[in-house]
Each structure stands twice: as structure tokens, then as C-alpha cells.
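Engineer: need coordinates for the below:
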Amino acid sequence: MRRAATTLFALALAAGVRIAAAPAQPALLDCAYEPNGGEMQTFTGCAWRDGQGRLHLASQHRARLTYDRFGLASVYVEGWYYLDRTGRAAAVVAFDNRADPFAEGLARATVGDKIGFIDRHLRMVVPARFDGAFPFEHGQAVVCVGCRAASDREHITYIGGSWGCIDRRGRFVTDLHAAKAYVACSPPD
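Structural biologist: The predicted model follows:
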């Protein structure tokens, strides 16, 4: 059988036929989550990325996740993600060694090195265009462009750049302006 395959391969090459290589198996990734409400555990080879870079968690692991009342669970795979019961995932900012909690129905989400906001349906409702962002409070969130993350080994903050406040649609309610660090949005009247 091997000889026949080798002969067919040689004939195909001679005829100028292109032969596609067999698709490579995706690299398996480790993950961590709290199975069925227990303590955080790490599991070997439970996730992978497809050709478009989307995260997939093996079905037996999805079945063991602890889902909230909105049908979302958090899992760590090279960063924090929220997953729904179908396995659809959204990368989110880490907060206190966990997935960023939802504040006013939105969570900070990452796309590459930019931050935006997702809703509980994992839809990106504020595009990821900020270099830093804080959770929503009173319908507004503090964001920065051109800032950089700085750590004191326990907490992360942002320094430099231009700062402003956005509403839940991502529209600026205050103009961007230079500041050394965090600015405050004005509470509603």
C-alpha cells in the first residue's frame, strides 16, 4: 500500500498536480476553571485555537464549568475568557486574578492589545479601541488612549496618554485630555 501511495505521489508531481499537506492538528492548551463550583483547578490539553484564532474548549470541560444565571462561565486559557454554553468565547481583562466582572451589564474585553466592552451575550458593544479602561459606573467608564499599564506588583493602573469618559455606546461624554493618571467621570445629576 505504501508503495502505491508513493507511486501515485510521484506521478502527481510529474504531472504538475499540487498536493495539499494534511491539516496540522491544533496545539492543545491548558486551562483553569472552577469545576461545578469547586476550587480552581488546572487541566492539561483541554482547549485549542482554530485557524482564525478562536478559542475552543473541549465539550467535557464545558460541561463541568460553573455557569452564572446569564449562562456564562469564566475560564483561564492564556488569559481570561467568558464562555457561553455553546462554547462561544470572549477574551476579557483580568481583575483580581479572575475574569473582569460585569459592571452595569458590561465587562472589559480585549482584542489584541486594545480594550472595549462586551455585554452578557458576548457581543462587543463598545469597540476595542482603548489602551486602558475602567469598569462602568453610573453609566460611564473612564478610558484612555496612548496610556500604558503600570504595576506595583499587586495592582495595575494606567499612566500617561489622554483620558476621557464614554457612555454605554462608546460615545465620549467628556473630551479626551492629557492627564498623568486616572480621571473621574461626573456622576449623573
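Engineer: show me how far stretch 34-53 is from its chain's centre.
Structural biologist: Distance of stretch 34-53 from the chain centroid (Cα atoms, centre = their mean, to the nearest Å) equals 14 Å.
Engineer: contacts for that stretch, please.
Structural biologist: The contact list for stretch 34-53 (Cβ atoms under 8 Å, 6 or more residues apart in numbering) reads 26-33, 55-58, 61, 64-66, 75, 77. C-beta here means a position set from N, CA and C on the backbone, and glycine is covered the same way.
Engineer: now, which of these lie within helices?
Structural biologist: H61 (DSSP state H).
Engineer: buried only: go through the contacts of stretch 34-53 for me.
Structural biologist: For the contacts of stretch 34-53, a burial check counting by 16 or more other Cβ atoms under 10 Å picks out 29, 31, 33, 55-58, 61, 64-65, 75, 77.
Engineer: redo the residues you listed as a markdown table? Include pLDDT and distance to H121.
Structural biologist: Formatted as a markdown table, the buried ones among the contacts of stretch 34-53 follow (pLDDT from 0 to 100; distance: Cβ to Cβ, whole Å):
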| residue | pLDDT | distance to H121 |
| --- | --- | --- |
| L29 | 96 | 25 |
| C31 | 96 | 22 |
| Y33 | 95 | 21 |
| L55 | 95 | 17 |
| H56 | 96 | 19 |
| L57 | 96 | 18 |
| A58 | 95 | 23 |
| H61 | 96 | 22 |
| R64 | 94 | 23 |
| L65 | 95 | 17 |
| V75 | 97 | 18 |
| V77 | 97 | 21 |
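Engineer: that concludes my questions; thank you for your assistance.
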